[in-house]
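**Q** Pasting a predicted model and its sequence here:
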Amino acid sequence: MQIGPDTLFNPTDEHRMLREMVADFTTNEIEPQAEEGDRRGTLNLDLFRQVAELGLLGITVPAEHGGAGMDATAAVIVLHEMSKGDPGFGLAYLAHSMLFVNNFFHCSNDEQKERYLEKVLTGEWIGGMGMTEPAIGTDVLGMATTAKRTDDGYVLNGRKMFITNGVEGDVFLIYAKLDGRITAFVVDTTCPGFEKGQVIHKMGMRGSTMSELVLDDCQIPAANLLGEEGQGMVHMMRNLEIERLTLAAQSLGIADKCMEIMVTYAQERGAFGQPLNRFGQIQKYIGESYAKTEAMRCLVYNVAGNVGADIQNRIGSDAAKLFCATAGKEVADAAIQVLGGYGYCEEYKVERLYRDAKLIEIGGGTIESHQKNLTKDLTRFVYG
Ligand SMILES: Cc1cc2nc3c(=O)[nH]c(=O)nc-3n(C[C@H](O)[C@H](O)[C@H](O)COP(=O)(O)OP(=O)(O)OC[C@H]3O[C@@H](n4cnc5c(N)ncnc54)[C@H](O)[C@@H]3O)c2cc1C
């Protein structure tokens, strides 16, 4: 049951079929392995390659380049459905297909596409993106990684922190400062001076991995410059919109799953001779969580219709992520409360979903950064 016209959530038959396919795959393949991935803190690479076989790794890449040729709504559908089963696995998919593939596709030339695209679309190579550093995250312009020109390319020095897919990754889109201006490079594990740093263990989203990346006099051929020198901020900003939107879709998937679990539990579990769902305080958790979840759904899909390579919508994507991040975490929290002691334990999944949900308030921009961006953009473009 969802509020809003189906044409908003499934604008075409293709979108509806995509949703059915990913939902089935999530129920049959992704969800059953989620607990194991969470416990181990590892990415299920075999499963990831099955996602490649479904043709999902290049969801936004045009069909003539080997992708699915779909739009931001399709990317939202995939992350929404996957995150009902395993948001951690979904985050690995997001880092690969949104942070690397989508960004790379839009800023690479034909020769670079020829060299890298097939490998990442088939899942032979795993991709990721390195923006954050040990000493900077939100203040991205303060990044310390440098690029210097050499006779045949560039040499990069610096460290990248909290990089999703860092452990398994073969290729990364790396931002560095060249003459003080942020520039994008494609760096793979064959580049001399590129190393994987420490593995970073995390609270949630444990179905994907995270590590530091080390660039120590890392030699990059001139052919690995993405776009033009000094244009990295343009690529970064354009891609952040779909990144934030799909992260918001992850929160929605988490909230949907938590609703299902808490409503079922409150009907089945009894106390004082009646089902839990007869108690007004439990009804408050359920009713308010449902209203939040439906508001998330309408906002995410409404914004998705206005995000694309040629459509700028930072206000929409920041608003969607700001609202959904906290709403998703609150719905997961309410689910734990409705389930009482069982909610705090592994069996009913909501404690894992709560830990996963918290990341969305931090990754891809903190909620504070969205508040800052929104105030700036609304003042300048809407009410100014
Ligand atoms: C699980 C996980 C996966 C990640 N994956 C990736 C990845 O694949 N690639 C990548 O590049 N990065 C990744 N990140 C990094 C993530 O994007 C950063 O953690 C995030 O941008 C915040 O940066 P920070 O951690 O340095 O926090 P900081 O920027 O140090 O912020 C710390 C606190 O200060 C607040 N703050 C900072 N500046 C301001 C301000 N001007 N006004 C008000 N408050 C402010 C922040 O909101 C936050 O509450 C990942 C992080 C996590 C946890």
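**A** Looks like it arrived, so ask away. Residues are numbered from 1 along each chain as shown.

**Q** and Leu213, helix, strand or coil?
**A** Secondary structure, DSSP: H, G, I helix; E, B strand; the rest coil: Leu213 is strand.

**Q** do you know how far it is from Gly364?
**A** Using C-beta to C-beta, to the nearest Å, Leu213 is found at 18 Å from Gly364. All C-beta spots, glycine's among them, are computed from the backbone N, C-alpha and C.

**Q** More neighbours: those two, which one.
**A** Gly364 (27 against 24; other C-beta atoms under 10 Å).

**Q** Tell me the confidence at Met1?
**A** Looking at Met1, its pLDDT reads 63.

**Q** likewise Gly384?
**A** Gly384 is given a pLDDT of 85.

**Q** heads up, I number from 93, so please use that
**A** Renumbered: residue one is now 93, and that last one reads Gly476.

**Q** How many residues are close by it?
**A** Gly476 has 8 neighbours, counted by other C-beta under 10 Å.

**Q** can you pull the contacts of it?
**A** Listed by C-beta atoms under 8 Å, 6 or more residues apart in numbering, Gly476 has no contact partners.

**Q** What separation is there between the residue in the chain positioned nearest to the ligand and Ile454?
**A** Of all residues in the chain, the one sitting closest to the ligand is Gly229 (1.9 Å; C-beta to the nearest ligand atom). Gly229 is 9 Å from Ile454, where distance means C-beta to C-beta.

**Q** now do Leu318
**A** 26 Å.

**Q** More neighbours: the two, which one.
**A** Leu318 (21 against 16).

**Q** which residue sits closest to the more buried one in space, ignoring its chain neighbours?
**A** Nearest non-adjacent residue to Leu318, counting by C-beta to C-beta, 6 or more residues apart in numbering: Ala276, 4.0 Å away.

**Q** What residues does the one you found make contact with?
**A** By C-beta under 8 Å, 6+ apart, the residues touching Ala276 are Asn195, Cys199, Leu265, Ile266, Tyr267, Leu317, Leu318, Gly319, Gln323, Gly324, His327, Met328.

**Q** Beta-bridge partners for it, please?
**A** When bridges are called by DSSP bridges, Ala276 pairs up with Tyr267, Leu318.

**Q** What pLDDT is listed against it?
**A** The model's pLDDT for Ala276 equals 98.

**Q** go on, the one 10 residues further on?
**A** The predicted structure scores Phe286 at 98 on the pLDDT scale.

**Q** bridging residues for it?
**A** Under the criterion used (DSSP bridges), Phe286 bridges to Leu307.

**Q** what sits against it?
**A** Counted by C-beta under 8 Å, 6+ apart, Phe286 has contacts Val279, Asp280, Leu305, Val306, Leu307, Cys310.

**Q** Grab the nearest non-local neighbour of Phe101.
**A** The nearest residue in space to Phe101 (C-beta to C-beta, 6+ apart) is Tyr393, at 5.2 Å.

**Q** pretty sure the one you found is touching Leu100, no?
**A** Yes: between Tyr393 and Leu100 there is a contact under C-beta atoms under 8 Å: 4.9 Å.

**Q** Neighbour count: these two, which is higher?
**A** Tyr393 (27 against 17).

**Q** Which helix or strand contains that one?
**A** Per DSSP states H and E: Tyr393 is located in helix 372-396.

**Q** hey, where'd the helices end up in the stretch 93-242 of the chain?
**A** Using DSSP state H, counting those that start in this stretch, the helices of the stretch 93-242 of the chain run over 98-101, 105-117, 126-132, 137-145, 164-177, 179-186, 195-199, 202-213.

**Q** Now render those as a markdown table, adding mean pLDDT.
**A** Compiled in a markdown table, those are given as follows (pLDDT from 0 to 100):
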| stretch | mean pLDDT |
| --- | --- |
| helix 98-101 | 92 |
| helix 105-117 | 98 |
| helix 126-132 | 97 |
| helix 137-145 | 98 |
| helix 164-177 | 98 |
| helix 179-186 | 98 |
| helix 195-199 | 97 |
| helix 202-213 | 98 |
